[in-house]
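> Quick check, what structure comes out for this input:
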Amino acid sequence: MSEARLLIIEDNDEIAQMLVLFFGARGYKLSVAPDGASALQSAREALPDLLLLDVGLPDIDGFDLLQQMRQNPRTRYIPAIFLTQRSKKIDKLTGLQLGADDFISKPFDIEELYLRVQNSVARARRENLNDPPTGLPTGSIVRDEMERARGKASRAVLHFRLRHLAEFRDQYGVLAGSDLLRYTALMLNRVLNTLGRADDFLGRPDEEAFVIICGAERADLIRRTVLERFEADAAQHYALGERVADKIRVHTHSGKGVTLPIVKLESV
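Numbers count the residues shown, from 1 in each chain. Predicted coordinates:
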C-alpha cells in the first residue's frame, strides 16, 4: 500500500521502531507519537491514512484519545487499529464500539498486522473515505459535512479549485501532480491550524477541488491567506521556470521552450 501514511501512537520505543522499520520497508510513510498530546498534534498537521494506537499511553487512555479524534471533523474518519497489551473481551468491545477497525493484542504476528493494516487502508479507499494523494476526506464524507454546515450562520463553507493542473501534469508527470496536490492539502491544513479552530473541516470533493468548513467570523481571513500563500509559492513548483505574470516559461525534456499557464488556486 505504497504512499499510505501511518501514525503509530506507541510509548514503547522498541515496538515503535520495529513498526517503523517493517512498514517503512514496504512503502508506507510513518510518523510516531509517544503520547496522546503529540498524536493529536501530528494528526492535525498531516492527516494519516490509519492510526495504530496503544491503549496504555502515558498521558491519556487510548480509548479516550480515539474518542477525541472521533469528535473532531478533521480526524473523525481516520481508520484505527488498536495494538495493545489488553486482551479482555470488554477492552476489545470498547475499542470496536468507538469505531476502531480492529483490535490486536500484544504480542502480535507482524505479518498478520501487515495484512490487517493493508485491508483497513484499502477499505477506506474503496469506500471513498479518503483521497490517496492528499489523505483528505472525500466523497460522501465531504457531502455529509457540508450538509451539517448548511443553514448555520456560525459556519462558512469555502470552495477552492486548482486550475491548470492538467497542463502541469503534462509537463512534469503524474507523480509531480500528486506532489502538488499534497502541497496544497498541507498548506490548507497549516492555515487552518494557525487561523481556524479545532472543529474546522478540510476535504477534497473531487479531482481539482478542496473544501474548508470553518467559523464564519474567520472565513474571509482564511480565504485570503490561502490564496496569498498559494500564489506566493506557485512558481516554486516548476523546475527552473521563469514567471511572467500568470504564465511561466519552462523547457521540455527535449530542451524546447514552452509557455504554460501557471497553476492557480481560486476561490469559487
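> use CA for all of it now, contacts and neighbours both
Noted.
> And stretch 162-171, what's buried?
By 16 or more other C-alpha atoms under 10 Å, the buried positions in stretch 162-171 come out as 162-163, 165, 168, 171.
> May I see those residues arranged in TSV, with secondary structure, pLDDT and distance to residue 185 as well?
Formatted as TSV, the buried residues of stretch 162-171 follow (DSSP: H, G, I helix; E, B strand; the rest coil; pLDDT from 0 to 100; distance: C-alpha to C-alpha, whole Å):
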residue	secondary structure	pLDDT	distance to residue 185
162	strand	95	11
163	strand	95	15
165	helix	93	14
168	helix	91	17
171	helix	85	21
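> can the residues you listed go into CSV with extra columns for distance to residue 110?
Below are the buried residues of stretch 162-171 laid out as CSV (distance: C-alpha to C-alpha, whole Å):
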residue, distance to residue 110
162, 40
163, 43
165, 40
168, 40
171, 41
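> For the lengthiest helix in the chain, which outside residues touch it?
Longest helix in the chain, counting residues (DSSP state H): helix 174-195. Applying C-alpha atoms under 8 Å, 6 or more residues apart in numbering, the external contacts of helix 174-195 come out as 44-46, 133-134, 136, 165, 168-169, 200, 202, 218, 221-222, 225-226, 229-230, 237.
> okay, now the nearest residue to residue 251 once chain neighbours are set aside: neighbour count?
Of all residues not flanking residue 251 in the chain, residue 257 sits nearest, at 4.4 Å (C-alpha to C-alpha, 6 or more residues apart in numbering). Neighbours of residue 257 under the rule other C-alpha atoms under 10 Å: 11.
> Pull up the per-residue confidence for residue 257.
On pLDDT, residue 257 comes in at 81.
> With residue 252 instead?
For residue 252, the pLDDT comes out at 69.
> May I have stretch 205-214 exported as PDB, CA atoms only?
Extracted in PDB, the C-alpha atoms of stretch 205-214 (Å, rounded to 0.1, in the frame of the first residue of the first chain):
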ATOM      1  CA  PRO A 205     -14.700  16.600  -3.000                       C
ATOM      2  CA  ASP A 206     -13.200  16.000  -6.500                       C
ATOM      3  CA  GLU A 207     -10.100  16.000  -8.600                       C
ATOM      4  CA  GLU A 208      -9.300  19.700  -8.600                       C
ATOM      5  CA  ALA A 209     -11.400  20.900  -5.700                       C
ATOM      6  CA  PHE A 210     -10.900  21.500  -1.900                       C
ATOM      7  CA  VAL A 211     -13.400  22.500   0.700                       C
ATOM      8  CA  ILE A 212     -12.900  24.200   4.100                       C
ATOM      9  CA  ILE A 213     -15.700  24.400   6.600                       C
ATOM     10  CA  CYS A 214     -14.800  27.000   9.300                       C
END
